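[1] Please find the sequence and the predicted model below.
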Amino acid sequence: MAVKNEKQFRAWLDGQSREICTAIAVRAALRVVPLVCSIRTDSERQKKLALLTFRAILTSGVAAVGPTPDVRAAAGAAAGAAGAAAGAAGAAARAADAAAYADTKLPAEPRRMLEFSVQGLQAITDAAEELRKQDGRIWVLTAGGDWEFWGHWYERAMAGEARDWELYERIVTEIPDEVWTGENAVAEVARAIARFEAEFKGSKKGLTEPVAPPGEFSSKGEALGTSARNVVAAQVSANRDSIALVSASLIEQTIGLRERIRGNNALSTDFKKDAITFLDSIESHLSLLLEALPENDETISDEKAGWLATWRSSFLCALKASASAYAAPENVAKAIVPTSIILSCTGIGTMMGAPLPGTAVGALITGQLNPHKAATDILKPLGADEE
């Protein structure tokens with residue numbers, strides 16, 4: 001039945017999942033984003049309102065697509081800013097009820113809903129244009145600089161092309177609340193996002209270049225926030241010996257596997273080259289980690305904790321992209337990269353405080369899931385089960 005009025009719309013929403021309702025709200029909020037995008041250059045309050053509105057909408061979108069515990073926690077942290085998004089959603093519905101009702105005709109899957117173009121509202125465009133004409137204002141969607149990510153994201157979201165869900169999940173879960181709400185928030189958030197984007201682009205190419213050597217601690221982990229660094233420091237201190245043991249064992253395994261791959265004449269030259277590059281990179285990353293691990297009685301400094309947190313995020317993000325090819329059934333059958341290596345690498349991240357898909361690991365431990373399936377589940381991109 002076509003939705004034609006508010007009563008029918010509310011009845012339709014009552015029959016949908018939380019994720020579907022959230023996706024509808026995100027699309028509605030996107031329509032009125034221009035109202036917060038014309039800001040006075042001397043108004044920190046307006047800058048913060050724009051930033052936190054973007055955060056709330058992005059967080060809601062990620063929550064609709066992949067409602068993991070970490071994402072739900074991020075949504076809770078963004079609750080203060082979510083009021084702006086909720087108000088925007090209401091304004092959009094009032095400005096053009098037909099646009100909101102039309103969204104009920106989209107496929108009833110959150111991810112697909114957010115990957116359809118969003119119809120803009122002329123009334124909102126006109127109102128925003130009036131604001132833009134005022135002196136002393138900037139239009140953040142085209143301002144570039146610290147606003148560059150948000151301008152590109154909004155353009156792609158309106159076109160239904162904002163699909164880098166793993167990147168978005170890192171932004172909403174790994175940037176601490178104190179960074180979003182602290183001093184110089186726009187610049188600090190932009191700095192963190194730029195690092196995530198660089199790692200994300202690198203992960204698409206595969207696991208190749210490790211992070212900077214541990215001698216270059218400096219400020220690489222500052223954007224992660226105090227709480228994130230504290231978690232990594234505590235986990236590494238508690239699991240130091242286990243991390244060292246597993247890392248050393250993995251290095252030995254990669255050396256032996258590399259030689260077997262070189263001698264496997266059934267593999268193409270290009271495939272062998274890619275697999276060996278992958279194993280070389282694992283060895284390089286793990287060697288750096290072993291070098292950076294604290295002594296048994298050493299207190300981990302904030303700088304080293306930041307480096308370790310950066311190493312962990314970079315390693316696991318790139319591992320997911322690279323290893324998924326080698327965890328494919330046809331390659332597992334050839335024993336190209338055993339799932340034990342993939343699971344052990346992921347286990348190192350877990351010992352350093354990274355979340356791990358609980359259902360896959362729990363089923364693996366209880367024998368209800370074989371190692372290949374567990375590795376596949378762990379490496380599966382966010383929302384892939386909805387394809």
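    Yep, it's here. Residues are numbered from 1 along each chain as shown.
[2] quick one, strands of this structure?
    For the chain, applying DSSP state E gives strands covering 38-40, 137-139.
[3] Longest helix of the protein, counting residues only.
    Ranked by residue count and defined by DSSP state H, the top helix of the chain is helix 226-262.
[4] could you give the mean pLDDT of that one?
    In this model, helix 226-262 has a mean pLDDT of 85.
[5] buried sites along that helix?
    In terms of neighbour count (16 or more other CB atoms under 10 Å), helix 226-262 has its buried residues at 228-229, 231-233, 235-236, 239-240, 243, 246-247, 250-251, 253-254, 257-258, 261. Every C-beta, even on glycine, is put in place using the N, C-alpha and C of the backbone.
[6] can you check stretch 195-202 too?
    195-197, 199-200, 202.
[7] from these, which has minimum pLDDT?
    Among these, pLDDT bottoms out at Gly202, giving 57.
[8] hmm, which helix or strand of this protein has the shakiest average pLDDT?
    Lowest on mean pLDDT, DSSP states H and E among the helices and strands of the chain sits helix 358-365, with a mean of 36.
[9] Mark which of the buried residues of stretch 195-202 are part of helices, please.
    Of the buried residues of stretch 195-202, the ones assigned to helices by DSSP H are 195-197, 199-200, 202.
[10] Need the residues you listed in TSV (columns: distance to Gly347).
    Converted to TSV, those look like this (distance: CB to CB, whole Å):
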residue	distance to Gly347
Arg195	24
Phe196	23
Glu197	27
Glu199	20
Phe200	23
Gly202	22
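[11] for the residues you listed, which one is nearest Ile175?
    Nearest to Ile175, judged by CB to CB, of those is Phe196 at 8.4 Å.
[12] Low-confidence regions, the stretch 101-250 of the chain specifically.
    101, 201-227 (pLDDT under 70).
[13] try it again with 80
    101-104, 106-112, 115-116, 119-125, 127-128, 131-136, 162-163, 198-229 (pLDDT under 80).
[14] which residues in it form helices?
    Assigned by DSSP state H, counting those that start in this stretch, the helices in the stretch 101-250 of the chain fall at 110-113, 122-132, 148-158, 165-174, 177-181, 185-205, 226-262.
[15] Would you agree Pro294 is in contact with Lys304?
    Yes - judged on CB atoms under 8 Å, Pro294 makes contact with Lys304 at a distance of 7.2 Å.
[16] Compare neighbour counts for these two and give me the winner.
    Lys304 (21 against 16; other CB atoms under 10 Å).
[17] For Ser17, which residues are in contact?
    Pro110 (CB atoms under 8 Å, 6 or more residues apart in numbering).
[18] Please report phi then psi for it.
    Backbone torsions of Ser17, given as degrees, to the nearest 10, read phi -70, psi 160.
[19] Return the alpha-carbon coordinates of stretch 271-284 using CSV.
    Extracted in CSV, the C-alpha atoms of stretch 271-284 (Å, rounded to 0.1, in the frame of the first residue of the first chain):
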residue,chain,number,x,y,z
PHE,A,271,49.7,-14.8,-7.8
LYS,A,272,52.9,-16.0,-6.3
LYS,A,273,54.3,-12.5,-6.3
ASP,A,274,51.2,-11.1,-4.6
ALA,A,275,51.1,-13.8,-2.0
ILE,A,276,54.8,-13.4,-1.2
THR,A,277,54.4,-9.6,-1.0
PHE,A,278,51.5,-10.2,1.5
LEU,A,279,53.7,-12.5,3.6
ASP,A,280,56.7,-10.1,3.5
SER,A,281,54.4,-7.4,4.8
ILE,A,282,53.1,-9.5,7.6
GLU,A,283,56.7,-10.2,8.6
SER,A,284,57.7,-6.5,8.4
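[20] Give me the mean pLDDT for it.
    What stretch 271-284 shows for mean pLDDT is 80.
[21] cool, stretch 51-70 as well?
    81.
[22] Can I get that stretch in PDB, CA atoms only?
    Taking C-alpha atoms only, stretch 51-70 is exported to PDB below (Å, rounded to 0.1, in the frame of the first residue of the first chain):
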ATOM      1  CA  LEU A  51      30.400  19.000  12.700                       C
ATOM      2  CA  LEU A  52      28.200  17.300  15.300                       C
ATOM      3  CA  THR A  53      25.300  17.200  12.900                       C
ATOM      4  CA  PHE A  54      27.500  15.400  10.300                       C
ATOM      5  CA  ARG A  55      28.700  13.100  13.100                       C
ATOM      6  CA  ALA A  56      25.200  12.200  14.100                       C
ATOM      7  CA  ILE A  57      24.000  11.500  10.600                       C
ATOM      8  CA  LEU A  58      27.100   9.500   9.700                       C
ATOM      9  CA  THR A  59      26.900   7.500  13.000                       C
ATOM     10  CA  SER A  60      23.200   6.800  12.400                       C
ATOM     11  CA  GLY A  61      23.900   5.600   8.900                       C
ATOM     12  CA  VAL A  62      26.600   3.200  10.100                       C
ATOM     13  CA  ALA A  63      24.300   2.000  12.900                       C
ATOM     14  CA  ALA A  64      21.600   1.200  10.300                       C
ATOM     15  CA  VAL A  65      24.000  -0.800   8.100                       C
ATOM     16  CA  GLY A  66      26.000  -2.600  10.800                       C
ATOM     17  CA  PRO A  67      24.600  -2.200  14.300                       C
ATOM     18  CA  THR A  68      27.600  -3.800  16.200                       C
ATOM     19  CA  PRO A  69      28.100  -3.100  19.900                       C
ATOM     20  CA  ASP A  70      30.900  -0.700  19.100                       C
END
